[in-house]
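Peer 1: whatever this is, show me its structure:
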Amino acid sequence: MMLEARDNMEHEMWWEPRSRTANIWFYNWTKLGALYYLVPDEFVVDETVQDVKELRNQDGWNMSKLQQLFPTDIVDHIPEELDFHESTEEWDKPRWMMTTSGKFTVRSAWELLRRKFVKSDIYKSIWIPGLPFKISFFFLRLWKCKLPVGDIMRRIGSDIEGKFYCCDPKQCETVDHLFVTRKVSSQVWRYVKAAAGITTTLLQVKHVIQVWWNANFSSMFKSIIRAMPVITMWQIWKWRNTMVHGGKMTINKVIYEINLTTHQMCRVRNPRMQVPKSVPQIMQMIETYKPHIVSKIVRWNLPMPGWFKCNSEGASRGNLGPSSVAFCIRDSEGDLMHAAARIISDGSNLVAEAMALQEGIKYCVTNDLLPVNIISIVTNHFQGKQD
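Peer 2: From the prediction side, this is the model:
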């Protein structure tokens, strides 16, 4: 297992050439992997050439040497992607290619090595935003039939099956009976279904979930609708455990807990809304809700006569990630004078904004597009500080 992990991880370790001592064939110095395994059979591996320094000359990469050793795609890749920093005082630096910073993390290594199963939409829906973790975890166990109810405990051969009971002492407790068809459960579902306007007869746990998740409600409250059957079954589960261990809990108490949990989740998901405290009122609010839309006009104003205006923009994906800059310049008539954009090295949003501003100013000064009005997030930030 460790040897298999080593073989997979070696391909993600890039040796940045500095002292030019990296082995050409077995080190990943091109970001493609070990070239010994990538070169086609028609290209004979010339093992007399060992170090990266043998592929360099005074002007840079020795293109004729590269063309002798490697196929065209690798030859084109090396000068385009490798920015060679020659140094006799530094060793070749290892970089971890799974992260933008080049530093090794256990998380990235785990993502590389773990065996991934096919993603299921149902498991994405189980973890509902705003719902307490313990309820989501309960629902996961319920969906996978991992709850300690009588029928499941009997199937796994447990000796504690007798501690779980059904309405009829002669029958074994089942998941569908406990959460759907039992007398107490039916009364609870009758209350929740009436609030949501659902008339379908519920038979099984997974059928309940499908009915609720396929119901036609506003997409804004989709997470709340998805959570309501889960909250209901969670409260039925609490009622059942209370009764099993000798406690008492009425149906009205179960309904009260459903109302309270639903209300609290709505407050978490929509903290600025006035949320009712009962499920019927919450469902009525969802059906009649109309969002308050605020519109704001954003316009680009012409610069003063004889002036130019430069708008610059920088962005970073992930904020410490792949970055790019862009700017455009217009005259006092609104005609486009120049526009440019390019990808820069990985960095933060603020660095990208500053570099975009710098490139815009540099172009204006170089091409005598003065006086110029600079519009950028950076200038707006400092203007706000002064104000």
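Peer 1: look up phi and psi at Met233.
Peer 2: Reported as degrees, to the nearest 10, the phi and psi values for Met233 are phi -70, psi -30.
Peer 1: hang on, isn't it packed against Trp143?
Peer 2: No - in this structure Met233 lies outside contact range of Trp143 using Cβ atoms under 8 Å: 10.4 Å. Any C-beta I mention is one placed from the backbone N, CA and C, and that applies to glycine too.
Peer 1: and those two? Which one has more around it.
Peer 2: Met233 (25 against 17; other Cβ atoms under 10 Å).
Peer 1: chain neighbours aside, what residue packs nearest to the more buried one?
Peer 2: Among residues not flanking Met233 along the chain, Phe179 sits closest, at 5.0 Å (Cβ to Cβ, 6 or more residues apart in numbering).
Peer 1: what touches both of Met233 and Trp143?
Peer 2: Overlap of the contact sets of Met233 and Trp143 (by Cβ atoms under 8 Å, 6 or more residues apart in numbering) consists of Val205.
Peer 1: and the strands in the stretch 201-350 of the chain, which stretches?
Peer 2: Shown for the stretch 201-350 of the chain, the strands assigned by DSSP state E, counting those that start in this stretch span residues 308-316, 321-330, 336-347.
Peer 1: could you list every residue that touches the residue nearest to Met233?
Peer 2: 142, 185, 205, 208, 233, 236-237.
Peer 1: so which of those belong to helices?
Peer 2: Among the contacts of Phe179, the members found in helices (DSSP state H) are 142, 185, 205, 208, 233, 236-237.
Peer 1: which one of these is nearest Asp41?
Peer 2: Distances from the ones in helices among the contacts of Phe179 to Asp41 were compared by Cβ to Cβ; the smallest belongs to Leu142, at 55.7 Å.
Peer 1: state the pLDDT value of that closest one.
Peer 2: What the model reports for Leu142 is a pLDDT of 89.
Peer 1: what ranges in the stretch 201-350 of the chain fall below the confidence cut-off?
Peer 2: Counting by pLDDT under 70, the stretch 201-350 of the chain contains low-confidence residues at 218-220.
Peer 1: doesn't Leu320 make contact with Ser101?
Peer 2: Yes - between Ser101 and Leu320 there is a contact under Cβ under 8 Å: 7.0 Å.
Peer 1: ok, those two, which is more surrounded?
Peer 2: Between Ser101 and Leu320, counted using other Cβ under 10 Å, Leu320 has the larger neighbour count: 15 against 11.
Peer 1: could you find the closest non-adjacent residue to that one?
Peer 2: The shortest distance from Leu320 to any residue that is not its chain neighbour, by Cβ to Cβ, 6+ apart, is 5.6 Å, and that residue is Ser348.
Peer 1: ok, now which ones touch the one you found?
Peer 2: Ser348 is in contact with 316, 319-320, 323, counting by Cβ under 8 Å, 6+ apart.
Peer 1: what of Leu357?
Peer 2: 312, 314, 327, 374, 376, 378-379.
Peer 1: filter these down to the buried ones, PyMOL style.
Peer 2: Buried residues among the contacts of Leu357 (16 or more other Cβ atoms under 10 Å), as a PyMOL selection:
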select buried, resi 312+314+327+374+376+378
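Peer 1: how about the contacts of Leu357, which pair is most distant?
Peer 2: When these are compared pair by pair using Cβ to Cβ, the farthest-apart members prove to be Gly314 and Ile374, with a separation of 13.4 Å.
Peer 1: could you list the domains of the chain?
Peer 2: Under the assignment automatic domain parsing, the domains of the chain span 2-113, 121-288, 308-386.
Peer 1: for Val298, find the nearest of the ones you listed.
Peer 2: Using Cβ to Cβ as the measure, domain 308-386 is the one of those that comes nearest Val298, at 12.3 Å.
Peer 1: hang on, the earlier thing: which of the contacts of Leu357 sits closest to Ser120?
Peer 2: Nearest to Ser120 among the contacts of Leu357 is Gly314, at 38.9 Å by Cβ to Cβ.
Peer 1: roughly how far apart are the closest one and Pro303?
Peer 2: Look at Gly314 and Pro303: by Cβ to Cβ, to the nearest Å, they are 21 Å apart.
Peer 1: got it, and Met228?
Peer 2: Taken as Cβ to Cβ, the spacing of Met228 relative to Pro303 amounts to 56 Å.
Peer 1: repeat that for Gly102.
Peer 2: Distance of Gly102 to Pro303, computed by Cβ to Cβ: 43 Å.
Peer 1: so which of the two has more stuff around it?
Peer 2: For Gly102 versus Pro303, neighbours defined as other Cβ under 10 Å are more numerous around Pro303 (19 against 14).
Peer 1: what sits against the residue nearest to the more buried one when sequence neighbours are not counted?
Peer 2: In this structure, Pro303 finds its nearest non-sequential neighbour in Lys309, 4.1 Å apart by Cβ to Cβ, 6+ apart. Residues near Lys309 by Cβ under 8 Å, 6+ apart: 302-303, 329-330, 372-373, 375.
Peer 1: repeat the analysis, applying 10 Å as the threshold.
Peer 2: If a contact means Cβ atoms under 10 Å, 6 or more residues apart in numbering, then Lys309 has 300-303, 328-332, 334, 337, 369, 372-375 as its contacts.
Peer 1: find the nearest non-adjacent residue to the residue nearest the centre of the chain, please.
Peer 2: The C-alpha lying nearest the average C-alpha coordinate of the chain belongs to Gly318 (Cα atoms, centre = their mean; 10.5 Å). Counting by Cβ to Cβ, 6+ apart, the nearest residue to Gly318 once its immediate chain neighbours are dropped is Thr100, at 7.0 Å.
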